[in-house]
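Sequence and predicted structure below; questions after.
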Amino acid sequence: QVALVESGGGLVQAGGSLRLSCAASGRTFSSRTMGWFRQASGKEREFVAALNWSGGSTYYVDSVKGRFTIARDSANNTVYLQMNSLKPEDTAVYYCAAKSGAMSVINTEYRYWGQGTQVTVSS
């Protein structure tokens, strides 16, 4: 089992920044992907960013490219999502997720999920 715990959400004005953290514990595997998803009220969960843990490669949804950065701290088994230039449309519950193997944008391919953290961007 893998346990994921997110932190760092909150309320921020448009144009501001937040950094989300996701601490992983339990069973770990070198060939894994860590992902961030978000779900706005009344909408489906959508992919935001993914990181291949061993190689460090990353992938982003177009709407956050240039504004968000996913990164890892291997020593602390933690993945981060640095969010800059936030917009009201970024408001959502953000979830950290993990899967074995290659990166994917499909949420059903991720086996492990955190509890979510709320991000609210005011205009």
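Okay, I see it.

buried stuff in stretch 61-73?
By neighbour count with 16 or more other Cβ atoms under 10 Å, stretch 61-73 contains the buried residues 61, 64, 68-70, 72. Where you see a C-beta, it was placed from the backbone N, CA and C, and this is true even at glycine.

what do you get for stretch 26-41?
Of all the residues in stretch 26-41, those buried under the rule 16+ other Cβ under 10 Å are 32-38.

about what we covered before: for Asn107, state which of the buried residues of stretch 61-73 is nearest.
The shortest separation between Asn107 and any of the buried residues of stretch 61-73 is 12.2 Å, and it belongs to Val61 (by Cβ to Cβ).

Could I get the full set of strands for the chain?
2-7, 10-13, 18-26, 32-39, 46-52, 58-60, 68-73, 78-83, 92-100, 112-113, 117-122 (DSSP state E).

May I have the strands that pair with the third one, each with its orientation?
Next to strand 18-26 in the sheet, as set by DSSP bridges, lie strand 2-7 (antiparallel), strand 78-83 (antiparallel).

And for the shortest one?
Using DSSP bridges, the strands paired with strand 112-113 are strand 92-100 (antiparallel).

Need the CA coordinates for the strand it pairs with. PDB is fine.
Backbone C-alpha positions of strand 92-100 (Å, rounded to 0.1, in the frame of the first residue of the first chain) are rendered in PDB as follows:
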ATOM      1  CA  ALA A  92     -10.600  23.100  -7.500                       C
ATOM      2  CA  VAL A  93      -9.800  20.300  -5.200                       C
ATOM      3  CA  TYR A  94      -6.300  19.100  -6.100                       C
ATOM      4  CA  TYR A  95      -5.400  15.500  -5.700                       C
ATOM      5  CA  CYS A  96      -2.100  13.700  -5.700                       C
ATOM      6  CA  ALA A  97      -2.000  10.300  -7.300                       C
ATOM      7  CA  ALA A  98       0.500   7.500  -7.900                       C
ATOM      8  CA  LYS A  99       0.800   4.600 -10.400                       C
ATOM      9  CA  SER A 100       3.400   2.200 -11.400                       C
END
